[in-house]
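1. sequence first, predicted model second:
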Amino acid sequence: MFKINCNIQGKIILSDPTHPFNKPNIPNSQSKALALSGINDSANIDPISVKPIPRISIRAFCEDDKTANAIQMSAEDRRLSKAHVNVGMGGIKAATEYYKDSPTPNLIVVESTLDRTNIVLELDKLSEYCDVGTKVVVIGHTNDVQLYRELLKRSVSEYIIAPISPLSFMESISNLYHEQSNKPVGQVITFYGAKGGVGSSTICHNVGWSLSKQVESSVSIADFDLAFGTTGLNFNQDPIQGIAEALQTPERFDDQLLDRLLAKCTDNLSILAAPVILDRNHDLSPDTCETVIEIARQNIPYVLVDVPHQWNSWTKNLLLKSDEVVITATPDLANLRNSKNIFDMLKQTRNNDRPPHLVLNKVNTPKRPEISASEFCKGINITAAMTLEFDGETFGTAANNGQMIEELNHKSKYVNSFHELAMIITNRKTTKNTTTSKQIKSVLFPIFQSLKLTR
């Protein structure tokens with residue numbers, strides 16, 4: 001007889017560790033819950049809430065091409081970049097035949113269009129070949145309470161009702177490998193300039209300051225411009241240690257070292273400052289950067305990453321792996337070309353995330369020919385999240401004083417802009433206009449054709 005425990009939230013917890021489908025290596029109290037409803041609507045799923053899946057092997061046996069395509073799209077997402085995913089056809093029968101002579105992976109996903117009785121019979125056959133620790137997720141086409149109960153008895157990890165979307169599938173898998181009692185994973189927001197000198201660091205710092213004031217939660221700014229970073233200057237800090245120590249010995253980087261390296265600016269804002277020294281080469285690897293960011297996000301609700309304008313493997317990896325990306329540009333042709341290239345690349349590889357957010361900075365600079373903000377946005381087919389006019393006096397004075405704009409003048413017209421952007425990138429406020437599905441042609445369309453940048 002299988003024992004079923006119910007918690008106060010109504011989730012059914014599996015507590016039989018001996019069943020072939022559920023022989024976990026973790027205590028019984030940490031066993032996973034079976035979802036009692038299909039997750040087939042990604043509209044209500046916040047992409048930020050879907051945590052990265054650990055280094056596990058996943059093998060899917062589908063019966064419907066749409067299901068297989070959704071899982072394959074999930075496999076290409078950044079959240080499954082560490083997992084090894086293999087998608088095939090044939091359903092439960094194919095899985096049973098395959099694992100008669102092969103060890104089972106961490107997770108088996110099987111789809112079935114059969115009725116309740118036949119699904120249960122096929123799962124019983126598959127269970128004979130499942131190794132200890134293997135989890136099984138079933139994708140079915142029937143919303144049947146009795147079927148749920150039968151799956152519970154067999155300790156299936158989760159039942160999902162088709163059709164599924166990539167995001168809903170990832171959420172289901174993520175929930176299997178992240179305990180609900182775990183500390184929430186923080187949000188990583190990367191700021192990147194379409195061109196050098198566009199003010200990306202200034203935007204990052206002021207948004208971080210604004211965010212720490214509004215949400216009253218811990219915010220940290222990590223300065224990855226190791227040679228020329230301005231985070232220490234802009235916050236009037238001169239920490240002895242900073243992000244370089246973490247990047248030089250990532251294997252030693254942990255919660256305690258993070259606390260020592262963080263320079264506190266306010267009650268809720270701290271920085272990992274750059275060393276700003278030129279007597280050594282600052283060659284970084286994607287894995288090293290990712291390790292440092294992952295430790296930070298496990299301990300800090302909001303991690304803002306200030307990335308210098310250069311293009312290599314680690315800067316690209318930071319952009320691809322972030323929860324949100326903010327691109328800052330000034331309204332000229334080079335920035336337009338670079339912005340379009342960056343947006344197109346990120347949209348292709350992050351198609352289950354929100355599009356990057358565009359900040360147009362230094363608009364209406366005196367005596368400088370420029371592209372209008374509306375034409376710039378049409379050129380890359382997106383609406384700017386924030387537009388800031390050129391104001392050399394205000395921003396220059398704040399930089400020289402080591403202050404944020406709100407510190408310099410809390411009545412400044414820019415303060416509300418930074419507040420709004422902080423809310424947008426943390427998904428507390430939606431943008432007024434999202435990217436349209438149809439390419440908008442602007443007067444710059446012939447230029448894009450000549451530059452071979454159009455789709």
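-> Received it, and whenever you're ready, just let me know what you need.
2. residue contacts, residue 48?
-> 187, 323, 324, 427 (C-beta atoms under 8 Å, 6 or more residues apart in numbering). To be clear about C-beta, it is placed using only N, CA and C from the backbone, and glycine gets the same treatment.
3. now tabulate those in TSV and tack on pLDDT.
-> What follows is those, written out as TSV (pLDDT from 0 to 100):
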residue	pLDDT
187	90
323	93
324	95
427	82
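4. and those, which of them are in strands?
-> Judged by DSSP state E, the contacts of residue 48 include 187, 324 as members of strands.
5. of the contacts of residue 48, which is the most crowded?
-> Counting neighbours by other C-beta atoms under 10 Å, residue 323 comes out on top of the contacts of residue 48 with 23 neighbours.
6. phi and psi next, for that one.
-> phi -70, psi -40 (degrees, to the nearest 10).
7. is it correct that it is in contact with residue 189?
-> Yes. With contacts counted by C-beta atoms under 8 Å, residue 323 reaches residue 189, the gap being 6.5 Å.
8. need the distance between the two termini of stretch 73-87.
-> Start and end residues of stretch 73-87 are separated by 10 Å (C-alpha to C-alpha, to the nearest Å).
9. pLDDT below threshold where in this structure?
-> 1-43, 179-185, 429-455 (pLDDT under 70).
10. if we use 50, what do you get?
-> 1-40, 181, 432-441, 453-455 (pLDDT under 50).
11. mind listing what's buried in stretch 255-263?
-> By neighbour count with 16 or more other C-beta atoms under 10 Å, stretch 255-263 contains the buried residues 258, 261, 262, 263.
12. list phi and psi for the last one.
-> So that's residue 263. Backbone phi and psi, for residue 263 under degrees, to the nearest 10, turn out to be phi -100, psi 120.
13. bridge partners for it, pull those for me.
-> The bridge-partner assignment for residue 263, based on DSSP bridges, gives residue 271.
14. ok now do it, which residues does it touch?
-> 232, 235, 237, 239, 242, 270, 271, 272, 273.
15. what's the local residue count around the fifth one?
-> The criterion is other C-beta under 10 Å. On that basis, residue 242 has 25 neighbouring residues.
16. then the first one?
-> Other residues within reach of residue 232, judged by other C-beta under 10 Å, total 19.
17. any idea how far residue 237 is from the closest residue to it other than its chain neighbours?
-> With C-beta to C-beta, 6 or more residues apart in numbering as the criterion, residue 232 has its nearest non-adjacent residue at 4.2 Å, and that residue is residue 273. Using C-beta to C-beta, to the nearest Å, residue 273 is found at 6 Å from residue 237.
18. residue 212 too?
-> 14 Å.
19. residue 273 and residue 237 - which one has more neighbours?
-> residue 273 (28 against 16).
20. and that one, what does it touch?
-> 223, 229, 231, 232, 237, 239, 242, 243, 263.
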